[in-house]
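*Asks:* The following block contains a protein sequence and its predicted model.
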Amino acid sequence: MFQDFQTVIIIIASISLFVFGLQSFSKEIENLGTQRLSKWIGKITKAPLGGLLLGGLFTAVIQSSTLVSTLTVSLVNSGVITFRDSILILLGTNIGTTSTAWIVSMNSFFLGPFFIVLGSLISMVPTRISVAGKSVFYFGFIFFSLSFISQAMEPVKNDPYLIEILSKASNPLLGIVYGIIVTVIIQSSSVVVGLVIVLLSQGTINIDVAIPIVIGANIGTTSTALIVSLKFSSISKLVAWAASAFNIIGVILMFPFFGILKNIAVSFSNEPSLQVAMAFTISNTFTSLFFLLLINPTIKRLQKHRWYKESPLKPANGALSANSPGEFERH
């Protein structure tokens, strides 16, 4: 009994370290660019599809779609970005968040310690570059904590109770629900993807179970932005709601093709972690491109919502107001 309790505590502690690593890395990257954030966001979003590019790159670098989505809601609330740009950023975020799966798939026992040591050394350099040391350190910490999770899960990977619970996720609908619930609780789709890859690599689950869970995590990760938007303007609520709607519709569109998605992932690589990364990337990219092709009718539809009409925004940094006719034509 004590041994089981000890194992559970170690698993929770390992996951906590992983979450801490992701949050700390996101915070350090955010701190590096906070002062110039509004300025370069305004410049990038002026370019055609600049918002999409910004959302993808920013999420890939920060490793937190939750943070980027929440930040987007805040920026559109303050008028730093337009309503249209916020939608494009969120579509880009969907693609950028898949980078986590690729990073986790590269996990090795050497990468973690290497970046931790490198980050520590950079922090000691008496120049301006030393501020980047913490970011590099926490990047290594993410890999390091993943190896702890893998070791912690070793004693229970063949546990009948765990296998029974996870085996039910072989039903795609239930797998999606699992992904949503766990992501809402943990508040990070990156953590869920990391855990799925660990379990898949250990043989506890198979690719049929993994795909619905990571795709379901896409819906769960929008919960933070929805919660944050409650204290902001109506336009912010609409942006957060749109993000959730995009991901829900995307999952519905992909659902009939889970079998094809699995076949593509399996044919892509024999490595389980790479299979998850590929399936996750295809699903999210498809969703973003689908709405990108329909961006004009989508925005027109959203602009008819009462939340859009109720919330005029003050333009900032060259951004037009949400109700400005020029906003729609500018891109």
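*Replies:* Done, it's in. Numbering: from 1, shown residues only.
*Asks:* residue closest to the middle of the chain?
*Replies:* Ranked by distance to the mean C-alpha position of the chain (Cα atoms, centre = their mean), the top residue is S65 at 3.3 Å.
*Asks:* excluding its backbone neighbours, what's nearest that residue?
*Replies:* Setting aside the residues directly before and after it, S65 is nearest to T97 in space (Cβ to Cβ, 6 or more residues apart in numbering), at 3.8 Å. Glycine gets a C-beta too; all of them are placed from N, C-alpha and C.
*Asks:* Can you give me the separation between that neighbour and T127?
*Replies:* 33 Å (Cβ to Cβ, to the nearest Å).
*Asks:* more crowded one of these two?
*Replies:* Shown here are T97 and T127; by other Cβ atoms under 10 Å, T97 has more neighbours (29 against 7).
*Asks:* got a pLDDT number for the more buried one?
*Replies:* We have a pLDDT of 85 for T97.
*Asks:* With V177 instead?
*Replies:* 91.
*Asks:* Likewise for T45?
*Replies:* 66.
*Asks:* same question, Q23
*Replies:* What the model reports for Q23 is a pLDDT of 69.
*Asks:* looking at it, the residue nearest to the centre of the chain is touching I95, isn't it?
*Replies:* No: look at S65 against I95 with Cβ atoms under 8 Å: they stay out of range, at 9.8 Å.
*Asks:* overlap in contacts of the two?
*Replies:* Here S65 and I95 share the contacting residues T59, scored by Cβ atoms under 8 Å, 6 or more residues apart in numbering.
*Asks:* now the stretch of helix or strand K262 belongs to: how far from the chain's centre is it?
*Replies:* Element membership of K262 [criterion: DSSP states H and E] is helix 258-268. How far helix 258-268 lies from its chain's middle: 22 Å, per Cα atoms, centre = their mean, to the nearest Å.
*Asks:* For that helix, name the packing helices and strands.
*Replies:* helix 207-220, helix 272-293 (3 or more Cβ pairs under 8 Å, 6 or more residues apart in numbering; DSSP states H and E).
*Asks:* immediately after the last one, which helix or strand?
*Replies:* Spelled out, that is helix 272-293. Criterion used, DSSP H and E; the element after helix 272-293 is helix 295-303.
*Asks:* who's in contact with that next one?
*Replies:* Applying Cβ under 8 Å, 6+ apart, the set of residues contacting helix 295-303 is 83-84, 87-88, 238, 242, 291, 308-309, 328.
*Asks:* Kindly compare burial across the helices and strands packed on helix 258-268 and name the winner.
*Replies:* Of these, the one with the most neighbours on average (mean count of other Cβ atoms under 10 Å) is helix 207-220, at a mean of 25.
*Asks:* Check which helices and strands it sits against.
*Replies:* Helix 207-220 packs on helix 172-186, helix 189-202, helix 234-254, helix 258-268, helix 272-293, going by 3+ Cβ pairs under 8 Å, 6+ apart.
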